[in-house]
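S.K.: no sequence on this one, just coordinates:
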């Protein structure tokens, strides 16, 4: 199962993983107001929920999603760039997690079919003017959260 902060990110995740995806907002709204979608009701010990673009998600939504999934016995992986655009709501938790508990750092960009696009993205991220052909690594992080 995949979740993302925006419908566009959820659609991209669905296309790349060939699995069911939705928005964090849908899950958190459903948790507050009732009427959980079937995919949320089906979360259990054999479920892995990937939250993509976690750096763009607000802290309260991430907290609600992680608490719900782990309370059902599921596992969560937060994937995102701790240097990416911040959440519209109160955010920044991904930076805190990376600083306090650590995270795996991904060293290769996979979403760009043109290597120049990946290099340009990294250059913008790092606010540098490196030549487009240079190589670099990203601080994209993956954090594993398992039920207690």
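M.R.: Received the coordinates, thanks. Here the structure is a predicted model, which is why all the values come from computation and not from measurement. Numbering: from 1, shown residues only.
S.K.: ok, which stretches of this structure are strands?
M.R.: 2-4, 21-23, 48-52, 75-81, 104-105, 140-145 (DSSP state E).
S.K.: ranking those strands by mean pLDDT, which is last?
M.R.: Mean pLDDT is lowest for strand 140-145 out of the strands of the chain, coming in at a mean of 49.
S.K.: give me the angle between the longest helix seen in the chain and strand 48-52.
M.R.: For the chain, the longest helix by residue count, based on DSSP state H, is helix 59-71. Following axes from the mean of the first three to the mean of the last three Cα atoms, to 10 degrees, one obtains 170 degrees for the angle between helix 59-71 and strand 48-52.
S.K.: now do the buried residues in helix 59-71.
M.R.: For helix 59-71, a neighbour-count test (16 or more other Cβ atoms under 10 Å) marks 61-62, 64-66, 68-70 as buried. Quick note: C-beta positions are derived from backbone N, CA and C, even for glycine.
S.K.: from these, which is closest to residue 23?
M.R.: residue 61 (9.3 Å; Cβ to Cβ).
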